[in-house]
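Asks: take a look and give me a structure for this.
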Amino acid sequence: MKISICLLNFLFIQVASECYSCVSKQDWEFYRQRINGLLPYNASSALPVAPFACTFDPLRVYADRNAVFCKGFCMKWSSVTIMDDGSLKVSYLRGCVDSLVDSTVHTPPTDNKCYQNPHDTSHQPGVEYTTTCYCKGFMCNNSIKSYLNMLKVVLITLIGGSLACFPAGTGPLYTSATFEYSISPPATWTWNAAPLMGQKTSAEQAKSQAESDFKSALTTVLKDNDLSISNVQYTIDYTPQEIVIEEEGANTGLPATACISGSTGYIYYGGTIIYSCDATGKATQYSPKASVTVKSPSPIYKSVWDNLNYQVQYELMVNKAQFNDAGTTTYKS
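Replies: Residues are numbered from 1 along each chain as shown. Predicted coordinates:
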């Protein structure tokens, strides 16, 4: 299987001084065991955890707290393992080398370059491949739309084989699965009588939009993997809220993601409602629950359900949903 995982680390080189800063999993020791010279965990400077956004599109979680000033190189580190059932096990870390790595243990980079270990390009199942990329430039350790589209193709290529027929996969067989998420929703999933940024004018319209996006994501994933969509039933559980979005330009002189003291509105960024504000100007991540239950006419292996869930999240991210945790899955026979 000669698909270069280095493709997952394509960089744009620019000139500036901030880096995306996040990790895709909570376990800091996992990263320390794999990244030479990575500093011990420090709660006061811990990187924000964003399981899916840090992997696919860090712009979805961009805010002052997870973009850092950097005099040196930005860093993007990834671990990718192709599992025996064809699924991917992926972890990411992004940040500034100066604040993450002990220079006495690991010599700082001197150029824009990526390093992969092991060095082969055959990428066999069961082998963990780590890639470290260094760059200088404004948010150069990013993910871009073309990367997202390319990764979608890679995902389907790698795990499509395990999804081509419902029975293929590993683990117990189930006829139903419920995927529950904590989501910062697109503005279109919220409503207000005086709408802004694509909001709907009623709760019914907002709920209809959320259901439409979920169903579109599920249909796309099933078709992409050559799975029949006939007789598959979906149940979406999401309650849209009436919110007041801070108008663009209202926080002049402040970062785009900052609350205004005295305001109790919501912060819109890049199509997503990411924060709610209290009267003191404190921002709290806006993260309502959403879930989808999928019922199949034929039993499906647990590993296949997990792969479907992974791809559905990707599709919803493209449509401006931000996933704030890894979610939970409940299976039924």
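Asks: C-alpha from now on. contacts and neighbour counts both.
Replies: OK.
Asks: for the chain, which spans come out with low pLDDT?
Replies: Applying pLDDT under 70 to the chain flags the ranges 1-17, 57-67, 85-87, 121-122, 143-168, 225-226, 247-257, 326.
Asks: now residue 244. Nearest residue, chain neighbours left out?
Replies: Of all residues not flanking residue 244 in the chain, residue 265 sits nearest, at 5.1 Å (C-alpha to C-alpha, 6 or more residues apart in numbering).
Asks: who's in contact with the one you found?
Replies: Counting by C-alpha atoms under 8 Å, 6 or more residues apart in numbering, residue 265 makes contact with 243-246, 276-278.
Asks: one more pass at 10 Å, please.
Replies: Residues near residue 265 by C-alpha atoms under 10 Å, 6 or more residues apart in numbering: 243-247, 259, 275-279, 281, 283.
Asks: just give me how far the helix or strand where residue 54 lies sits from the chain centre.
Replies: Counting by DSSP states H and E, the element that carries residue 54 is helix 53-56. Mean-position distance between helix 53-56 and its chain equals 4 Å (C-alpha atoms, centre = their mean, to the nearest Å).
Asks: and stretch 325-333, by the same measure?
Replies: Put simply, stretch 325-333 sits 17 Å off its chain's centre (C-alpha atoms, centre = their mean).
Asks: repeat for stretch 322-333
Replies: Offset of stretch 322-333 from its chain centre (C-alpha atoms, centre = their mean): 14 Å.
Asks: can you check stretch 19-37 too?
Replies: Its chain's C-alpha centre and that of stretch 19-37 lie 16 Å apart, by C-alpha atoms, centre = their mean.
Asks: surely residue 211 touches residue 292?
Replies: Yes - with contact defined as C-alpha atoms under 10 Å, residue 211 counts as touching residue 292 (9.1 Å).
Asks: what is in contact with those two at once?
Replies: Shared contacts of residue 211 and residue 292 (C-alpha under 10 Å, 6+ apart): 234-238.
Asks: now the residues you listed: which count as buried?
Replies: Neighbour-count burial (16 or more other C-alpha atoms under 10 Å) applied to the shared contacts of residue 211 and residue 292 gives 234, 236, 238.
Asks: turn those residues into CSV, including distance to residue 23 and secondary structure.
Replies: As requested, these are exported to CSV (distance: C-alpha to C-alpha, whole Å; DSSP: H, G, I helix; E, B strand; the rest coil):
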residue, distance to residue 23, secondary structure
234, 32, strand
236, 29, strand
238, 27, strand
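Asks: reformat these as JSON lines; add distance to residue 99.
Replies: Below are these laid out as JSON lines (distance: C-alpha to C-alpha, whole Å):
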{"residue": "234", "distance to residue 99": "46"}
{"residue": "236", "distance to residue 99": "42"}
{"residue": "238", "distance to residue 99": "40"}
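Asks: does the residue lying closest to residue 330 once chain neighbours are set aside lie in a helix or a strand, and which?
Replies: Excluding its sequence neighbours, the residue lying closest to residue 330 (C-alpha to C-alpha, 6+ apart) is residue 178, at 5.1 Å. Element membership for residue 178 (DSSP H and E) is strand 173-184.
Asks: mind listing the helices for the protein?
Replies: Along the chain, counting by DSSP state H, helices occupy 28-32, 53-56, 97-100, 145-163, 203-224, 302-318.
Asks: flag every buried residue along the last one.
Replies: When you say that, I think you mean helix 302-318. By 16+ other C-alpha under 10 Å, the buried positions in helix 302-318 come out as 302-305, 307-318.
Asks: and for the third one?
Replies: The neighbour-count check on helix 97-100 (16+ other C-alpha under 10 Å) flags 97, 99-100 as buried.
Asks: ramachandran angles for the residue nearest to residue 244?
Replies: When read as degrees, to the nearest 10, the backbone of residue 265 gives phi -90, psi -170.
Asks: from residue 273, how far out is it?
Replies: Distance of residue 265 to residue 273, given as C-alpha to C-alpha, to the nearest Å: 10 Å.
Asks: picking up where we left off before, deepest-packed of the helices of the chain, please.
Replies: Sort those by mean neighbour count, taking mean count of other C-alpha atoms under 10 Å, and helix 53-56 sits at the top with a mean of 24.
Asks: packing partners of that helix?
Replies: Contacts defined by 3 or more C-alpha pairs under 10 Å, 6 or more residues apart in numbering; DSSP states H and E place helix 53-56 against strand 22-23, strand 88-96, helix 145-163, helix 302-318, strand 322-323.
Asks: and the strand holding residue 178, which strands flank it?
Replies: Here strand 173-184 has these sheet partners by DSSP bridges: strand 289-301 (antiparallel), strand 322-323 (antiparallel), strand 328-332 (antiparallel).
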